[in-house]
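In: Got a predicted structure plus its sequence, pasted below:
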Amino acid sequence: MKLYKLLYILFFSVFAISVSAQTANELRRKKEAIERDIEQLQKSLSKTASGKKLTLQQINVINTQIRLRQDKIGAINSEIKNLDNQISQNTNTVHTLQGQLGDLKKEYAGMIRFAQRNRNSYDKMMFIFAAKDFNQAYKRIKYLQQFSQYRKKQAGYIENTQQDLNGKIRVLDRTLKEKSDLLKEQERERERLGKDKSQQSAVLNTLSKQERTFKQDIASKKKQQAQIDRAIRAAIQRAIDEARRKAAEEARIAAAKRAAEEKAAAEKARLENRPAPVATKAAAVKTKTTSEALTATPETARLSDGFENNRGKLPWPVATGQITERFGLHKVDQASYTNNGVDITTSAGTSVRAVFAGKVIKVDYIQGRAVIIIMHGDYFTIYQNLRDVKVSVGSSVEIKQVLGSVATTGDDAILKFQIWRGNVIQNPEAWISK
């Protein structure tokens, strides 16, 4: 029973450690990914910070860097918590193994003392020959053999338990060292976070000195983006109007066909001198909703359903990058503006990819930068600020198909990405993979 209990404890410990190891690997990968993002943002910031003029991108990069640094500290805290659980489990296992080892040694010592006390009193041969009959003598022989084998097994149990105990102690020491290293890393990240916040404070102080210039920059950006947003909205509205026109035309053709069939049936009844069938009352053509019009065909319905079913799992429009400006209203000092999508800072010349299969409905160059709109049934994705385009209007694209490459604005390569459902703007962060 003690052996079974020991095996159960070891099995449970191994299972718990394997689960903890899996969690630790996931946390380590997350932390490494965050660190890569921070390094890339730091390179971008080093380029833009050399200029005397403060840019909105600098502020966005610093804010994103602070957010990523906080995420990394959170990942380190999770790693430390995970290691604390491992330390607790391994400590309990060590105590259990020490107790088991003590019990095994006591039991083995008792067997040795018993053998020593009875070695002279009961000679093995005399013990066997003193049996009443052959059957009893055979049983005494088997008893002596089993007693000897059991002593050897007990010695083996003691040796194996000692090895397991030493192994667990080594693992425990290694885990304690990992925790110590993580605590040091956490302290370093807190210091870096403090520096980032000091930099943020300095930038905001500079911002107050350059307030007029900065407001002019934001006003110029709002004007440029408004022009692009009008073109995007107009293109999507044209697609909706065209879908509704097709739906109305199909309804009109179906009604005309039904009327012709009823007229032919009435004429046939007149020639055969029998009552004409009662004509059906023409049903009023119901105006379809935007969603119904855009998903009127089986193909567009499948695309729309597929897009919706991949909410939160769509691939990013670039292979590497960080969201440096989020969706919605932004306020910087006294100025404010709205972003209808997200800004993804990446490397110059990075390929832009379709996040889902669909049909290209617009390719346009506005202020020297390309805008691509892809229709996915009821949904539309917009890719803005491309320097070149590899698709054309009317062409079908597959998921992750290259559409072009990101243009460089100043010292930064930024892709502006939007998602619409019909003419309703969506937050892309709710749709793309985390």
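Out: Nice, I can see it.
In: Low-confidence ranges, the stretch 151-300 of the chain, go.
Out: Filtered on pLDDT under 70, the stretch 151-300 of the chain yields the residue ranges 151-158, 161, 165, 172, 199-218, 276-288.
In: make it 90
Out: 151-235, 237-300 (pLDDT under 90).
In: Would you map the helices across it?
Out: All helices of the stretch 151-300 of the chain, identified by DSSP state H, counting those that start in this stretch, fall at 211-271, 290-294, 298-309.
In: Highest mean neighbour count across those, which stretch is it?
Out: Most buried of those by mean neighbour count (mean count of other Cβ atoms under 10 Å) is helix 290-294; its value is a mean of 20. No exception for glycine: its C-beta is placed from N, CA and C like everyone else's.
In: Contacts for that one next, please.
Out: Residues from elsewhere that reach helix 290-294 (Cβ atoms under 8 Å, 6 or more residues apart in numbering): 239-240, 243-244, 246-247, 300, 304, 375, 377-378, 421-423.
In: okay, the residues you listed in TSV with distance to I253 next?
Out: Formatted as TSV, these follow (distance: Cβ to Cβ, whole Å):
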residue	distance to I253
A239	21
I240	21
A243	16
R244	15
K246	11
A247	11
T300	19
S304	24
M375	24
G377	23
D378	24
R421	29
G422	25
N423	27
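In: okay, among these, which ones form the most distant pair?
Out: K246 and R421 (19.4 Å; Cβ to Cβ).
In: SS state for P317?
Out: With DSSP: H, G, I helix; E, B strand; the rest coil as the basis, P317 sits in coil.
In: Find the residue closest to it in space, skipping its chain neighbours.
Out: The shortest distance from P317 to any non-neighbouring residue, by Cβ to Cβ, 6 or more residues apart in numbering, is to F417 (5.1 Å).
In: distance of the one you found from N166?
Out: According to Cβ to Cβ, to the nearest Å, F417 and N166 sit 55 Å apart.
In: Put the alpha carbons of the helix or strand hosting the residue nearest to P317 into PDB.
Out: Using DSSP states H and E, F417 sits within strand 412-421. Output of strand 412-421 as PDB, limited to C-alpha atoms (Å, rounded to 0.1, in the frame of the first residue of the first chain):
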ATOM      1  CA  ASP A 412       7.600  55.200 -40.100                       C
ATOM      2  CA  ALA A 413       5.800  52.400 -42.000                       C
ATOM      3  CA  ILE A 414       2.200  52.500 -40.900                       C
ATOM      4  CA  LEU A 415      -0.700  50.500 -42.300                       C
ATOM      5  CA  LYS A 416      -4.200  51.900 -41.500                       C
ATOM      6  CA  PHE A 417      -6.700  49.000 -41.300                       C
ATOM      7  CA  GLN A 418     -10.500  49.100 -41.000                       C
ATOM      8  CA  ILE A 419     -13.400  46.700 -40.900                       C
ATOM      9  CA  TRP A 420     -17.000  47.600 -41.800                       C
ATOM     10  CA  ARG A 421     -20.200  45.600 -41.600                       C
END
